[in-house]
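1. Sequence plus the predicted model coming up.
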Number of protein chains: 2
Amino acid sequence: MTKITPVLMAGGSGTRLWPVSRKSFPKQFAPLVGDRTLFQASALRLAGPDFADPVVMTNADFRFIVAEQLDQAGIQPGAIVIEPSGRNTAPAILVAALMVASKDPEGLLLVAPSDHVIPDAAAFARAVRQGVEPAAEGRIVTFGITPDRPETGYGYLELAGQGDGPQPLARFVEKPDTATAAQMLAQGNFLWNAGIFVFKAGVMIDAFRAHAPEYLSPVLAALDEAKDDIGFLRLAKGPWDSLPDQSVDYAVMEKADNLTVVRFSERWSDLGGWDAVWREALLEAPSDNGVVTDAHSTAIDCHDVLLRSDSEDLEVVGIGLTDVMVVATADAVLVADKSRAQDVRHAVSALKAKGRKQATAFPRDHRPWGWFETLALADRFQVKRIVVKPGAALSLQSHVHRSEHWIVVSGTAKVTVDDKVTLVTENQSIYVPLGAVHRMENPGKVPMVLIEVQTGSYLGEDDIIRYEDVYARSSAD
Amino acid sequence: MTKITPVLMAGGSGTRLWPVSRKSFPKQFAPLVGDRTLFQASALRLAGPDFADPVVMTNADFRFIVAEQLDQAGIQPGAIVIEPSGRNTAPAILVAALMVASKDPEGLLLVAPSDHVIPDAAAFARAVRQGVEPAAEGRIVTFGITPDRPETGYGYLELAGQGDGPQPLARFVEKPDTATAAQMLAQGNFLWNAGIFVFKAGVMIDAFRAHAPEYLSPVLAALDEAKDDIGFLRLAKGPWDSLPDQSVDYAVMEKADNLTVVRFSERWSDLGGWDAVWREALLEAPSDNGVVTDAHSTAIDCHDVLLRSDSEDLEVVGIGLTDVMVVATADAVLVADKSRAQDVRHAVSALKAKGRKQATAFPRDHRPWGWFETLALADRFQVKRIVVKPGAALSLQSHVHRSEHWIVVSGTAKVTVDDKVTLVTENQSIYVPLGAVHRMENPGKVPMVLIEVQTGSYLGEDDIIRYEDVYARSSAD
């Protein structure tokens, strides 16, 4: 059997898990349940002898996070594909199918979201194996989750028959109302649509040709004109942006007549809200009174609560609460009734209206060379903690409005200031005057940690002139 | 009429308003309602032509906060008296009476807690004036608040008659149960005991002599042997520590037969919990749905909630909450059902048991020369923001385990390192090697702000050897 190419969809960003998930750092990249991030867990679930190196579909903002998280998980990507704009799943899946088909039209793909929880990886592997035979025979295989409650937040798959093995799909069912959901739960032949598919590359291309032919030439053009950008495959913007913004379900699957459903009856969650995170955490570690806490949160006389602190500097204490969810990060605290999990997006809108950065930006800013965070920001100064990965380098740059003092507190930095190159090690400092052309590198084998104190009249990230950048970034990037 | 000497009790610390109130920075020093701190508001209420400069009873930990807050409010203290240990109100009041009596036994004192809210200062001044005549005639005047609810958290004063003017006290009533409280509310001649007294110095000394004679000689000794400590009056520890720990009510008032009650019918609160803070805030700025928020908190579909963020870097959002109180500071978040306001002390105990600094210490550490806060603390480095008041100086000191990099970001510092004295101004830095004897001063007219980056194997505050200190502090202080 040829290996299956996993295709991980990692370009989306939602607001329902704010403040941990933000536009600049969405939920798939956060460790919401367990120690690994959802994206890492998804990639690891699709690693092993049956699978080729994964193709990751994402966007420019997340490319370095994707690369770093795969690296941390010890996974070598087949490709990290950058979509120039969000166009939902249809064109992304066609891109992946075309990439695999260019080598082998018979090649199998497994497309999956990267932000779902499937704790039993072995059971999932068994389900995938059940799907391989029908897929090899030219079917598009989709996975349906056996429902355990009359959920109104998901689409459903109606099976043509009642058995446990792979079966033809009768039809897709849109998100139902409560009564319909209850009826479908009772009937037993309706499964949740998990958005996971296995198919041959050529079969998917044929399906687009039959049901959504308008996709083919723009997607082919976007792929033909794609540019390699230091290891990322950047699709061509012109043809891509002309594509409709549609899900593969809507564009292709609902019109195709060759769908087979494989049933998956183990735990699955799309973590569509903090209530789902609470539920999954309780399944991982049951507690009598439904209390979920972590290292930096404490519950006193609470029932059915989620108390979560994602900052080791912030202690959360709940007293006498029932059905309340508290989620704290270094810069924001959400407190919501558990029945209101779907309204967390209103918090994001409210903060946007107030002009608060917490609506979209995360305090820790990930860059290709590492990350930084602001420790203090005042009128004329800013203090940052900067962590540079071994072997990494910031761009050669200068600033018009600020000077910088750098104090190395861990590791060793190689610092260029105008014509001079200096090695600066723990407990040493160096000064970068306003206007000086400078660069910071980590030539060592351990992360380099540096405290930067900026002073000046304007301290925005956009006061930067880039002269050289190993990551091929523009000033705005 | 001779001026009344206000005596402000500012040595207490409670846990019911955690996390804003902590052992190291209790509620009287926090701006809980309005822009001024409770202590400042109390001092200002007792300022003006009728009053002498206030005597403040406090302890060593709070002495610099008291001095700074009086200075900010433009109030010159008559004395700031340091109690060597907490001995409740009885000996503190005797100290104040003896101090005033040493100049004039006929002198009047007004003793008041410094952590209560009395918004109508003019009405309070009228009540005080009502008490002056009976006090001048040798009565001990106590103020009773007309109750507006069957409160079980306060002691009560039973009036001998029913009128509105000053009346003899029939008896003190301990904190009642709910039924008794309701009965007393209905009866109309029971008032809340606010712990505010007006009396002649000599009358109070006589009352102690009659009802609690054991206090006299230790208190006299503590006062006789008191030391002036750069403007603070530090009572002698030996005799003071031998005193019983009793309230003046228990030791004297309940036994005295010369008490007169003055009724006060305007708003008053001892802010005995976050529910009281919520209630007072609503009285200041009524809202239809009982929602109290501030600049950095947002309520969505909430009813009868308090959402409070004391950190400008922390946004709090509540969704769909009823009867919930959320109080966030830079390092801790309390979320409690409104009915559980009196259980907030359990949060403090729980964090103490976990060994968390948030149980007692405040992130911003007030010192006589200004304040500092930790911006980042890691294994081998710490970053602090240090603010030094104009004209102030830190002690001449050295450290055994750490080096320090100082970057001035506002104002000018005069820095001594071993034999060398340097002026360091905005955007300049200086290095203090491990073991060097050093001092930081602010010779300027504006606050000096400095970022300190410490590196070393041990970063505790107790790694300090003090050689000279204008504030006469020991290493442990």
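-> Thanks, I have the structure now.
2. count of residues packed around the closest residue in space to residue A:236 that isn't next to it in sequence?
-> Setting aside the residues directly before and after it, residue A:236 is nearest to residue A:225 in space (Cβ to Cβ, 6 or more residues apart in numbering or on different chains), at 3.5 Å. Yep, even glycine has a C-beta here, placed from its N, CA and C like the rest. The number of residues packed near residue A:225 is 14, by other Cβ atoms under 10 Å in any protein chain shown.
3. same check, this time on the one 5 residues further on
-> The criterion is other Cβ under 10 Å. On that basis, residue A:230 has 13 neighbouring residues.
4. what's near enough to touch it?
-> A:470-472 (Cβ atoms under 8 Å, 6 or more residues apart in numbering or on different chains).
5. how close does it get to residue A:473?
-> 10 Å (Cβ to Cβ, to the nearest Å).
6. neighbours of the nearest residue to residue A:139 once chain neighbours are set aside, just the number please.
-> Leaving aside its sequence neighbours, residue A:139 sits nearest to residue A:260 (Cβ to Cβ, 6+ apart; 4.3 Å). Residue A:260 has 24 neighbouring residues, counting by other Cβ under 10 Å.
7. hang on, the earlier thing: pick the one among the contacts of residue A:230 closest to residue A:460.
-> residue A:471 (20.3 Å; Cβ to Cβ).
8. List the residues that contact whichever residue of the stretch 101-250 of chain A sits closest to chain B.
-> When scored by Cβ to the nearest Cβ, the stretch 101-250 of chain A has residue A:153 as its residue closest to chain B, at 17.4 Å. By Cβ under 8 Å, 6+ apart, the contact set of residue A:153 is A:175, A:272, A:342.
9. Quick one: buried ones out of those residues?
-> residue A:272 (16 or more other Cβ atoms under 10 Å in any protein chain shown).
10. Output those of the contacts of residue A:153 also counted as contacts of chain B.
-> Near chain B, taking Cβ under 8 Å from any Cβ of the partner chain as the test, no member of these is found.
11. could I get the contacts of residue A:153 as TSV with pLDDT and secondary structure?
-> Output for these, formatted as TSV (pLDDT from 0 to 100; DSSP: H, G, I helix; E, B strand; the rest coil):
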residue	pLDDT	secondary structure
A:175	93	coil
A:272	91	coil
A:342	93	helix
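12. which one of the contacts of residue A:153 sits closest to residue B:287?
-> Nearest member of those to residue B:287, counting by Cβ to Cβ, is residue A:342, at 25.8 Å.
13. circling back to that earlier point, how about the contacts made by the residue nearest to residue A:236?
-> By Cβ under 8 Å, 6+ apart, the neighbours of residue A:225 are A:236, A:238-239.
14. same deal with residue A:447?
-> A:370, A:387-390, A:410-411.
15. repeat that with 7 Å
-> A:387-390, A:410-411 (Cβ atoms under 7 Å, 6 or more residues apart in numbering or on different chains).
16. Pull whichever helix in chain A runs longest out as PDB, backbone CA atoms only.
-> Counting residues, the longest helix found in chain A (DSSP state H) is helix A:121-136. Extracted in PDB, the C-alpha atoms of helix A:121-136 (Å, rounded to 0.1, in the frame of the first residue of the first chain):
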ATOM      1  CA  ALA A 121      -5.300   7.700  18.400                       C
ATOM      2  CA  ALA A 122      -5.200   3.900  18.000                       C
ATOM      3  CA  ALA A 123      -9.000   3.700  17.500                       C
ATOM      4  CA  PHE A 124      -8.800   6.600  15.000                       C
ATOM      5  CA  ALA A 125      -6.000   4.700  13.100                       C
ATOM      6  CA  ARG A 126      -8.400   1.700  12.900                       C
ATOM      7  CA  ALA A 127     -11.100   3.900  11.500                       C
ATOM      8  CA  VAL A 128      -8.700   5.300   8.900                       C
ATOM      9  CA  ARG A 129      -7.700   1.800   7.900                       C
ATOM     10  CA  GLN A 130     -11.400   1.000   7.400                       C
ATOM     11  CA  GLY A 131     -11.600   3.900   5.000                       C
ATOM     12  CA  VAL A 132      -8.600   3.000   2.900                       C
ATOM     13  CA  GLU A 133     -10.300   0.100   0.900                       C
ATOM     14  CA  PRO A 134     -13.400   2.100  -0.300                       C
ATOM     15  CA  ALA A 135     -11.100   5.100  -1.000                       C
ATOM     16  CA  ALA A 136      -8.800   2.900  -3.100                       C
END
